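> How does the following fold in three dimensions:
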Amino acid sequence: MREELIAWYRERAQERLDRRVGVWAERLGVKPGAVLVREQRTRWGSADAKGKLRFNWRIVQAPARLLDYVVAHELVHLLHADHTREFWATLGPVMPDYEALREKLRVMGPAMVW
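Residues are numbered from 1 along each chain as shown. Alright, predicted model coming up:
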C-alpha cells in the first residue's frame, strides 16, 4: 500500500513541478533541463551545472507557496551555484518573503517525511 501511495504522490509531484518550473523559469529568465522527481532524504531539491533539476516527491504535500519557494530556489541555482549574496539578491525581488517561507519549510518539513 505504501508503494502505491508514493507512486501516486510522485505522479502528482511531477505534474505540479513541471507546471511550476515553467512559470518560475520564465519569471527568472532561465532555461532548465530535465525536471526529475526523486526520493531524497535530506533535500527538497537540487540543481546541477547542466540545468537538471531534482525534487523530492514529498514537497507536493506542502502548501503551493512552499513548493514555489523550492522551485524558485533551485532555478536561481542555475544562475548562482552557491548561496552567495548574489543568489539571495536574485531570489529576493521575485519572492520577497523567501526568508519566512524558508523558515516555514524548516518547521513543516519533518511532518512531510514518512
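> Quick check, pLDDT for R41.
R41 is assigned a pLDDT of 82 by the prediction.
> Next one: it from L17, what distance?
Remark: distance between R41 and L17 (Cβ to Cβ, to the nearest Å) = 18 Å. Yep, even glycine has a C-beta here, placed from its N, CA and C like the rest.
> Which of these two has more residues huddled nearby?
It is L17, of R41 and L17, that has more neighbours when counted by other Cβ atoms under 10 Å, with 23 against 7.
> Name the helix or strand for that one, please.
Using DSSP states H and E, L17 sits within helix 2-28.
> what's the answer for W88, then?
Here W88, judged by DSSP H and E, is contained in helix 85-94.
> Flag every buried residue along the helix or strand following that helix.
Downstream of helix 85-94, the next assigned helix or strand under DSSP H and E is helix 98-108. Buried residues in helix 98-108, counted by 16 or more other Cβ atoms under 10 Å: Y98, L101, R102, K104, L105.
> Surely the last one and V70 touch.
Looking back up the chat, that one is L105. Yes - look at L105 against V70 with Cβ atoms under 8 Å: they come within range, at 7.3 Å.
> Could you name every residue contacting both of those two?
Common neighbours of L105 and V70, counting by Cβ atoms under 8 Å, 6 or more residues apart in numbering, are W44, A62.
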